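Engineer: need a 3D model of the following:
(chains A and B)
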2 protein chains.
Amino acid sequence: MSIPSIPFQPFRLELPGWITEYLMQQQETYPTREARMDLVTTLARLNIQFGTGGPFGAGIFRLDTQQLVAPGVNLVLWSKSSIAHAEIVAIMMAQQAAGSHDLGAIGFPPHELVTSCEPCGMCLGAISWSGVQQVVCGARGSDAEAVGFDEGPKPADWITELEQRGITVTRDIGRTNAAAVLQRYVQNGGEVYNGRQGL
Amino acid sequence: MSIPSIPFQPFRLELPGWITEYLMQQQETYPTREARMDLVTTLARLNIQFGTGGPFGAGIFRLDTQQLVAPGVNLVLWSKSSIAHAEIVAIMMAQQAAGSHDLGAIGFPPHELVTSCEPCGMCLGAISWSGVQQVVCGARGSDAEAVGFDEGPKPADWITELEQRGITVTRDIGRTNAAAVLQRYVQNGGEVYNGRQGL
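Structural biologist: Predicted structure coming up:
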């Protein structure tokens, strides 16, 4: 481990090249929740296939034009950053593209976060600050836990917590496909990194 | 708001120049919790003074050499990213400096996160994945709420949640000074941005 040094280098997180190549071949709009979930579940699957991270995909969409604003995949190992969960990556990229810390700012169209799995505690908090108006989830948190992932510190009534902040939650869209990606990752020996978990 | 475009630009977060200038004038080690808290509370105060963000400061320290590994301040408005809370910035920067997503990896010294205010729900989750072994808090979450900040979705037993993952929590170190920074920010008309809060 290197000695700390001043000045500190800027933090930089780049999407893997395969995401750009894949998205350039896709449709321009995603008119249904199912189509949006299909995209982010495919990103999760490709993230395993290309070896760039864990089995989680996300995307932020404009609900007026039904376009993808920014994709996200789990890039924890790729970026050497435990922050880089799929939802966080999508929020970072979408806000940077929009030029605002608040995707719900006046003058912006409504935005939807679609995630291949229910958010962990960190991503739940990040969603509440992001300005998205809707969240759509594929696999359940329990599906992730069933293959060894930790959901982190998260209130049991997390859906109510989001709804109290004006964010609607829809679950179980394409759950079977999304949960299958989690199972495939673990069956293929993918690393389940859970922080310290009491060790 | 611009039309989404492919390829997506890398996410980039740079610390304001004043942080580097300030830290270069400070001591090389911070041997006590109080000294470490003094530093992060000063960063919170300077963050207001230089107009780069909200009244929150943090730092990650190596407990073997008692050096600062990475500082953090709230850069939500500066970086146009709702992710950029002080704790998240410190974790991003520290992991990048260490070259690992896990500050608790084998061969690393123990790391401590010191934060001028108890973490919100997002930062709580981020702490649990970061690999730090200790968290030291200045102001209470209730001090932040008292001046209008929202703690976000966060389990009531958040300290237990961290302790179950091997992370100890110490509260109320320099609480009076840290809470005073929160109060000063709001008294001076600083923006309290809380996401949508049901709007």
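
Engineer: what number of residues are in the vicinity of A:Arg165?
Structural biologist: 19 (other CB atoms under 10 Å in any protein chain shown). No exception for glycine: its C-beta is placed from N, CA and C like everyone else's.

Engineer: correction: A:Gly189
Structural biologist: 6.

Engineer: mean confidence score for stretch A:99-119?
Structural biologist: Stretch A:99-119 shows an average pLDDT of 97 in the prediction.

Engineer: quote the end-to-end distance of it.
Structural biologist: Using CA to CA, to the nearest Å, the end-to-end distance of stretch A:99-119 comes to 24 Å.

Engineer: how about that stretch and chain B, touching?
Structural biologist: Yes - Stretch A:99-119 is in contact with chain B by CB under 8 Å from any CB of the partner chain, via A:99-102, A:104, A:107-109.

Engineer: check stretch A:67-80 too.
Structural biologist: Yes - between stretch A:67-80 and chain B, judged by CB under 8 Å from any CB, the touching residues are A:67-71, A:76-77, A:79-80.

Engineer: return that stretch as CSV; C-alpha atoms alone will do.
Structural biologist: In CSV, the C-alpha atoms belonging to stretch A:67-80 read as follows (Å, rounded to 0.1, in the frame of the first residue of the first chain):
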residue,chain,number,x,y,z
GLN,A,67,-34.4,7.1,-23.9
LEU,A,68,-31.6,5.8,-21.8
VAL,A,69,-29.8,8.6,-20.1
ALA,A,70,-27.0,6.5,-18.5
PRO,A,71,-26.3,2.8,-17.9
GLY,A,72,-24.7,1.3,-14.9
VAL,A,73,-23.1,-2.0,-14.0
ASN,A,74,-21.4,-3.2,-10.9
LEU,A,75,-17.8,-2.0,-11.4
VAL,A,76,-16.5,-2.6,-7.8
LEU,A,77,-13.6,-4.8,-8.9
TRP,A,78,-13.0,-3.1,-12.2
SER,A,79,-12.8,0.4,-10.7
LYS,A,80,-11.3,-0.7,-7.4
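
Engineer: for A:Val135, helix, strand, or coil?
Structural biologist: strand (DSSP: H, G, I helix; E, B strand; the rest coil).

Engineer: contact partners for it?
Structural biologist: By CB atoms under 8 Å, 6 or more residues apart in numbering or on different chains, the contact set of A:Val135 is A:112-115, A:119, A:127, A:162, A:167-170.

Engineer: can I get the residues of stretch A:99-119 next to chain B in CSV with neighbour count and secondary structure?
Structural biologist: Converted to CSV, the residues of stretch A:99-119 next to chain B look like this (neighbours: other CB atoms under 10 Å in any protein chain shown; DSSP: H, G, I helix; E, B strand; the rest coil):
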residue, neighbour count, secondary structure
A:Gly99, 10, coil
A:Ser100, 19, coil
A:His101, 24, coil
A:Asp102, 20, coil
A:Gly104, 18, coil
A:Gly107, 6, coil
A:Phe108, 16, coil
A:Pro109, 16, coil
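
Engineer: out of these, the closest to A:Ala156 would be?
Structural biologist: Using CB to CB, A:Gly104 is the member of the residues of stretch A:99-119 next to chain B that lies nearest A:Ala156, at 25.6 Å.

Engineer: where in chain A is pLDDT low?
Structural biologist: Low-confidence segments of chain A (pLDDT under 70): A:1-5, A:193-199.

Engineer: biggest helix in chain A by residues?
Structural biologist: Using DSSP state H, we find that the single longest helix of chain A is helix A:33-49.

Engineer: touching chain B at all, that one?
Structural biologist: No - Helix A:33-49 lies apart from chain B when judged by CB under 8 Å from any CB; the minimum separation is 12.6 Å.

Engineer: contact partners of that helix?
Structural biologist: With CB under 8 Å, 6+ apart, helix A:33-49 has contacts from A:16, A:18-19, A:22, A:26-27, A:30, A:53-59, A:61, A:68, A:71-74, A:86, A:112, A:114-117, A:136, A:138, A:170, A:173-174, A:177-178, A:181, A:184-185, A:188, A:190.

Engineer: among the residues you listed, which are located in strands?
Structural biologist: The members of these that map onto strands under DSSP state E are A:57-59, A:61, A:68, A:71-73, A:112, A:114-117, A:136, A:138, A:170.

Engineer: what's the farthest-apart pair in the residues you listed?
Structural biologist: A:Val73 and A:Thr170 (20.9 Å).

Engineer: okay then, goodbye and thanks.
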